[in-house]
Each structure stands twice: as C-alpha cells, then as structure tokens.
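Enquirer: this is the structure alone, sequence omitted:
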C-alpha cells in the first residue's frame, strides 16, 4: 500500500545565510515530496534499531563534556593573559585580549555519540604565537647544554605543558610538525583534539563572529586550516536547519553513517578515508537533493548517490566564492590529480578529502555498493510485507568488516619508541603519514591489484621475534595492518621487495620528525592470512581465529567470482570428458568398420575361393572322365606314350627310394602341408623332380623358405643324416642298379637345403651353399665340402667301395669352379696385426700412440690401457680387435 500524507510538502528552499552572506545550494532538488505511509513505516523500523544499537550520549555524559569544555576555556584564557603580561602588555590590554574556544564536528552539530571525540579550536589574539602554544622556543635559564637525545625542553608555562600537568589529563600527545598542528589528549576520559588559530588582531571578544570572512585577513596557512573547522560546521548546520524535522533527519542519518563507517573500517581522514566533516558534508549533500525524505529513505538515497557518483566530480554544498583576502581557492582546473574531492562550503574553499587516494576510493566504492544492496533489499522486503511481524535485520548493514580474512597477504607496521612519552608523539606523527606509505610507496612501486590500510590500531608489538628491540620498545609500540592482493599479471618473480619502499618512507617522510631519537622506527612483517596473530580476531569474532577462518571458507565458497570460476572449470572438465568419450566412440566405430570391412573381404575371398575350387573340381572331373574314357579305349593292350614315361619314372624312383609310390605320395602331401620335413635335407638325391628351376617350398610354421640351388655333381652320391642301417640299405640299392639309374637321371641333381634350424639370413645361406658349406643342427655333423663325409658315415662295403670312398675323401674341392665365391665376415671390424704376445703393432696412425709412461696431457687423447696396449687413445675412437672365433 503506497499513500501520501494530506499535508502540503514543506518548502524546498535550501539556501542559508551565514556570516552576513547568502549561500545557494550547488545542486537542485531532485525529489521534494514528503514521505509516504510506507516510507514512514520503513522509517519506524530504523528508528527502533537506532534506539537500541545507536544510542545517544547520556545526560551525565553531556554534562561531563560541557564541564570539561568550560574548564578548558578558562585554562586557555588564563594562559593568554599570562603570555600578554610576560610580553609586557598593559593590564587593560591583556584583560581585553580575550580568546575563545570553539567546537566543530559532531559535537557542534549535536550528534552526541557516546565515546566520540570533541574537536576544539582555540582562537587567540596576535600577541600569542604558536611557539608559545607548544612551548618549544623555551630556553631554560642558566642551561646552555641540552641533551640532543632528549630533545628541547618545553616551557612549563606553555598551554601544552599546563594541559599535560592537569590531573585529569591522560594520553597527552603534541603533534607540532603536522600540516595542522594539534594537541590530542583525554580529559576525564573524553578524547579532545585541540587546534590553535592566531588572528591578525589584538583582541578576540566574546561576541566574536567566526563565520565572518574578515577573520581570515592576514592569517597564516595553519590558522586558515584550523579555523576552517568550525566555519564549515556552522555552514553545514545552516544548510540542513531549514525545519526541525529536517535537522533531526540529518542527525539520524549522520549517526547511522558514522556507525557504518567505523564498523567497516572507513572512518579516518588521516588514513585516507572519510572523517567526521566528510560524512557531515556528504549527508548534507543528500539532504539538499531529497530535502523532505525520512531518515530511512535518506539513508538509502545516501548509498545510491555515492554509489553512482561520477568521481572525480567534486561534492560541494555551494559554489566556492572568493572573499578577496588572497587565500588560495579550490578549482577543478588546478586540482586535476585529486581523486574524490569534497569541497568545504566556507571561504576559502578547500578539498577536505585530499588524503583519499585511488586505493581508498576503490574500497569506499565497494562499501557504497554493498550498503546500497543491503538497504535497498530491506526496503523491498518491507514493501512486500509491511506488517509489524516482518522484522528487518538492520544489523547486516553495520556488521564489522572482514578485513582480517579478506586478503591472502598482510603486512604489519609496528611503530616503536624508546619511552612512553616519545612513543606517543612519534606514533601520532607516523599515523598522519601512513597513507603515504601505502598509497604513494607500496601501491605505486609494487604489482598490487588491491591494497587496504586498516585504520584501527592494535595495542601490541607485532614484530619479528628476531628484531633487535628493547623491552621498552616492545612495550611502547602499536601496530597497524595492511592487506593486499598481488597482481599476478604484472608480477615478475616470486618475491615482493618492500624494503625499498620502507626505506624511502623513512628517508622522505619520517626523517622530518623532530627530534628523531634513537629507538624510533617502523618495522614491517609479512603474514599469510592463516598466520595472523590471535589479537587480530579477538574484538571482531566471538570464536576468535577459528570462527574467522570458518567464515573465510564460507565467503570464498559464496564468492560469485569464485563460483563462476569453478563453474567454468567444471564446464571445461566436462567438455574434455565429452570430447574424450566422443573420440573413443569414433575410434570404436572406426574399428568396427575396419573389422566389418575385413570380414566382408574375407567372406568375398572365401566365396571366390569356393567358386575357383568348384571350377577346378569340375575340370578335374572332366579330365578324369576323359582319362577314363581314353583308358577304356586303350584297354586292348596298346600303351600310351604318357604311361610309358610315367612307368619309367616310377621305376627309376623305386630304385632310389625304399618307399612305395603310395607312401611317397603321402609324404609329399605332408611336406606341402608343412607337416613333414624332407628326409636327407642337404644331400644330393636322385628322387628330385626333373626340372631346371624349382619352386620355393615351405618347411614349417617357424621355418624359413627352402632354397634349391644347383651345385656341380662330381659323382652320384647321396649325402644324408640318416641312421647307419638306412645308409646300408641305400648302398645295397646303389649296387644293384647303379648303371641303369645313371642312364635315366639327368646330369645334375638339385640339392635342397632347409634353413629352419639356422639363425642366419637368406643371403648368407645362399652364399654358403654356393661355396659348398652346409650347416645343419648342432646335434648333427658339420659337413665341410660338398662330397666329404665324416668318418662315422663311411660304409662297410667291399674293397672297391672303400678305395672309391678313400679317393673321394682325398679329393679336394676346386673353388675356382664355383662362380661368385668369396669370403665375407659377419661383423665389420678393423684389421690389425698382433705381435707374439698378442699386443697390437703400432702402424703409426693418428688414433693411437703407444707409451709405457705418462708423458703429460695431450689435447684430444686419453692415456689408458686399452685394446691396443698402454698409450694415448683418441677420445671417442675405439679399436676393435677380432677374436679367434671371428676368423
């Protein structure tokens, strides 16, 4: 339900008149409508949350602050009178000099946040100098020798020493070397920052108008910056003070934004983020755009405005004006390098966010986006269900930052001092310059993607245990942490060198501190996120470091970038698996096609073979029938010519073979089938077929093809490896029909040689056969010569046979009769000559020089005992000496 109130909207004039000058807003009003009932209900939820979680200062606390400010004002006026009398001014002039203490910031606006500090400015007449304020120009009477290590003594009557000596003051730290010199201390537990402004006039009356631009006539730079605090606060209050309701809306949103900034680590102007004055200006800017919005709606508009703000477009409540006093003014033309300018409305206009860098703006922008998502989500949730039972969780917006689990790498900066007093002053000076170390040194000199300085200090010494620190230094130390991401694209190597940046920081910034005493230093140490000390998690997580690490794992798992990266990784893995499966499937299909093609080819070949076999069988049948017919025709007794030739051949074969015709046919079939090895292989037989060229026969599964080579036949003789009984039978057959067989057989016989048992190549086997060397199995005899038999194969026949055999034994083989006969070695080697002792005879070559003793190093040779004896061998050259077996 969306409805509007019946009241007319308040006027939207956002101009303000301050110090006698009328100021107009820089931006026009975007939406001046009054809040609807739904927005008012949404505001009620925020009001309930703020009442319990963003409490205001109690009445006693407000009274304590007022009492402290009154005591400080009285102390400051007494000190001004003392300085006037000390300088010899008349008493009436001293009494009329006056001096006023002004406040600025949240206390001046009435935010009244518990524990908040009070920003104060002492405006003094021209008779008082800054040296009198700090007491640094003091020379003790009669003491010309001061200890340089202890630094100059301060005037005990200076305002700084009077405040330090007050019994209710603690944690006193003077920072004189800063751009805006300041005293910071605790008075009755209330933190106070005191600035000093010296006017170019002799008096500061009680009705002094600090908002008038004329007060800046003739002031120095430090006074200009100091006095600008209350002037800006008064002008901001004037811009938002059009109606009481509008001012209360402003205060509520300021309290919410301050709580949000402190929880998220964004509240520190000196560390490069937003301070109190920046938040005041930013909320006032949003109120100018939406002057009648309720606090909850204005808080949502606040995050929306700065989420979409077009940096470096400046944030300004009114356009800068020049009062004519010669002070420098901010302008866009002269401030092009400023990242996120926020211009103060009072004269002289200046950038209040000069410390904001590109790195801190990145963090601020991320937090603006996060804040808008949360508040806008709560608003949409309330729109869907505006009933009181729908409780909105505003705590999510103000949750503490996960800084200590947000980065993989951290750097601790431990600020140490020799004593408590020196350490406090030294720490205040270093704190005001840490942003320069982070943004100007580390961020610019190192390949970092993101870097963040945590603005909250830890009261502990987080330094390396090996650091040479005294007990006082470790006790008087504070530590700040810096988290960073490394840019892996720009990273070169495996290590980051931060020592150069630290040394530049010491030389260019820290060296300006006076007095710089021994023992004042800044120590750095690197930590991985899991190596951080326990003190980092005590105030943020109830379960300490263990709960923090658990939450870190949850944040990593819920990170959209990480989830998208994992999704892409899983998608790539799935694609790879699918591609592998598809590849295997294609290979299987290809294999199946190959098998099918082979099967089809085999079937085709088988079918063709069957057809050929059938055709051959038919032809054979026809031939058999024709033969039978011819036989039947010739049964009368006339023998055909083929029969005569066949009978003659069969008779001749019977004379040399003890087997019958049927047995020989069966053996031949087995031999062709590879089931039988021919007996008498390697011998000269008369049972060979009459042919000039023989086919190659297969002699078994693992055997080589048998070669049939012609050799000269000296005399018909059968060489075999049969038993002695078989040989006797053969000799008997030779004796019976030798002459008849000689007339029927051809002049040359064919010697078959089966190489199944010899591990030699075919070419070598052919060569050995040509020269008459026949090798059989190791268990059989080695036959040397074509016609020589070993003694155990000689027959026990007649004397004629013995004489004939002896003549054959003594007969030598004429190698000249064998064509193409030559000697070849199986393995190539160098031919060398050996002496009687088996040593190589030096031929004077360049590869070896014999030497009995070491004669020094020789280039390209090695002195050793080798195959050629003791001497110098050429490096990498080896002489192979053949053994007796090689010959």
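Expert: That came through, no problem. Everything numeric here is computed off the predicted structure, so don't read it as measured data. Numbers count the residues shown, from 1 in each chain.
Enquirer: show me where pLDDT drops low in the stretch 701-850 of the chain?
Expert: Scanning the stretch 701-850 of the chain with the threshold set as pLDDT under 70 gives 701-765, 767-845.
Enquirer: let's see 80
Expert: Applying pLDDT under 80 to the stretch 701-850 of the chain flags the ranges 701-846.
Enquirer: what does the stretch 51-200 of the chain give?
Expert: Low-confidence segments of the stretch 51-200 of the chain, defined by pLDDT under 80: 137-154, 177-179.
Enquirer: residue ranges of the strands in the stretch 301-450 of the chain, please?
Expert: 315-316, 342-343, 409-416, 448-453 (DSSP state E, counting those that start in this stretch).
Enquirer: could you give the angle of the longest one to strand 448-453?
Expert: Which is strand 409-416. Taking axes from the mean of the first three to the mean of the last three CA atoms, to 10 degrees, one finds strand 409-416 and strand 448-453 inclined to each other by 40 degrees.
Enquirer: buried residues in strand 409-416?
Expert: 409-416 (16 or more other CB atoms under 10 Å). Where you see a C-beta, it was placed from the backbone N, CA and C, and this is true even at glycine.
Enquirer: which elements pack onto it?
Expert: helix 420-431, strand 477-486, strand 521-528 (3 or more CB pairs under 8 Å, 6 or more residues apart in numbering; DSSP states H and E).
Enquirer: let's see 10 Å
Expert: Under the contact definition 3 or more CB pairs under 10 Å, 6 or more residues apart in numbering; DSSP states H and E, strand 409-416 sits against helix 420-431, strand 448-453, helix 471-475, strand 477-486, helix 499-508, strand 521-528.
Enquirer: same list (those) but as a markdown table, adding distance to residue 849.
Expert: Shown next, in a markdown table, are the helices and strands packed on strand 409-416 (distance: least, CB to CB, whole Å):
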| stretch | distance to residue 849 |
| --- | --- |
| helix 420-431 | 80 |
| strand 448-453 | 68 |
| helix 471-475 | 77 |
| strand 477-486 | 64 |
| helix 499-508 | 62 |
| strand 521-528 | 65 |
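Enquirer: redo these as a markdown table? Include mean pLDDT.
Expert: What follows is those, written out as a markdown table (pLDDT from 0 to 100):
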| stretch | mean pLDDT |
| --- | --- |
| helix 420-431 | 89 |
| strand 448-453 | 95 |
| helix 471-475 | 90 |
| strand 477-486 | 96 |
| helix 499-508 | 92 |
| strand 521-528 | 94 |
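Enquirer: need those in CSV (columns: mean neighbour count).
Expert: Compiled in CSV, these are given as follows (neighbours: other CB atoms under 10 Å):
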stretch, mean neighbour count
helix 420-431, 20
strand 448-453, 20
helix 471-475, 15
strand 477-486, 21
helix 499-508, 14
strand 521-528, 17
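Enquirer: helix or strand for residue 286, just tell me which one.
Expert: In this assignment (DSSP states H and E), residue 286 forms part of helix 276-289.
Enquirer: residue 663 sits in which helix or strand?
Expert: Judged by DSSP H and E, residue 663 forms part of helix 661-672.
Enquirer: got TSV for the strands of the stretch 301-450 of the chain, with distance to residue 242 too?
Expert: Formatted as TSV, the strands of the stretch 301-450 of the chain follow (distance: least, CB to CB, whole Å):
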stretch	distance to residue 242
strand 315-316	19
strand 342-343	21
strand 409-416	45
strand 448-453	38
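Enquirer: out of those, which comes closest to residue 192?
Expert: Across those, residue 192 has its closest neighbour in strand 409-416 (22.1 Å, CB to CB).
Enquirer: partner strands of that closest one and their direction?
Expert: Partners of strand 409-416 in the sheet, by DSSP bridges, are strand 477-486 (antiparallel), strand 521-528 (antiparallel).
Enquirer: still on that earlier bit, please name whichever of the helices and strands packed on strand 409-416 is nearest to residue 534.
Expert: The nearest among the helices and strands packed on strand 409-416, by CB to CB, is strand 521-528 at 12.2 Å.
Enquirer: contacts for whatever helix or strand comes next after the closest one, please.
Expert: Downstream of strand 521-528, the first helix or strand assigned by DSSP H and E is helix 544-558. Contacts to helix 544-558, defined as CB atoms under 10 Å, 6 or more residues apart in numbering, come from residues 402, 404-406, 529-530, 532-538, 540-541, 543, 562-563, 566.
Enquirer: separate out the buried members of the residues you listed.
Expert: Neighbour-count burial (16+ other CB under 10 Å) applied to those gives 402, 404-405, 529, 532-533, 536-537, 540-541.
Enquirer: which pair of those residues spans the longest distance?
Expert: 402 and 533 (16.8 Å).
Enquirer: low-confidence stretches in the stretch 501-650 of the chain?
Expert: For the stretch 501-650 of the chain, the stretches with pLDDT under 80 are 608-650.
Enquirer: before we move on, back to that, quick one, which of the strands of the stretch 301-450 of the chain is nearest to residue 226?
Expert: Nearest to residue 226, of those and by CB to CB, is strand 342-343 at 18.1 Å.
Enquirer: for that closest one, packing partners?
Expert: helix 276-289, strand 315-316.
Enquirer: just name the most buried of those.
Expert: Neighbour counts (mean count of other CB atoms under 10 Å) averaged over each of those peak at helix 276-289, with a mean of 24.
Enquirer: and that one, average pLDDT?
Expert: The average pLDDT for helix 276-289 rounds to 95.
Enquirer: same deal with stretch 328-344?
Expert: According to the model, stretch 328-344 has a mean pLDDT of 89.
Enquirer: that one: which residues count as buried?
Expert: Neighbour-count burial for stretch 328-344 [16+ other CB under 10 Å]: 330, 338-344.
Enquirer: which one of these sits closest to residue 849?
Expert: Closest to residue 849, out of all of the buried residues of stretch 328-344 and judged by CB to CB, is residue 339, at 82.7 Å.
Enquirer: which ones are touching that closest one?
Expert: Here residue 339 is in contact with 272, 311-312, 351, 353-362, 439 (CB under 10 Å, 6+ apart).
Enquirer: could you rerun that using 6 Å?
Expert: For residue 339, the contact set (CB atoms under 6 Å, 6 or more residues apart in numbering) comprises 312, 356, 358, 361.
Enquirer: now swap in residue 22 and tell me
Expert: Residue 22 neighbours (CB under 6 Å, 6+ apart): none.
Enquirer: what's around residue 95, how many residues?
Expert: Here the number of neighbours of residue 95 (other CB atoms under 10 Å) works out to 12.
Enquirer: next one: phi and psi at it?
Expert: When read as degrees, to the nearest 10, the backbone of residue 95 gives phi -70, psi -30.
Enquirer: count the neighbours of the residue nearest to it when sequence neighbours are not counted for me.
Expert: Spatial nearest neighbour of residue 95, excluding adjacent residues (CB to CB, 6 or more residues apart in numbering): residue 81 at 7.2 Å. By other CB under 10 Å, 16 other residues sit near residue 81.
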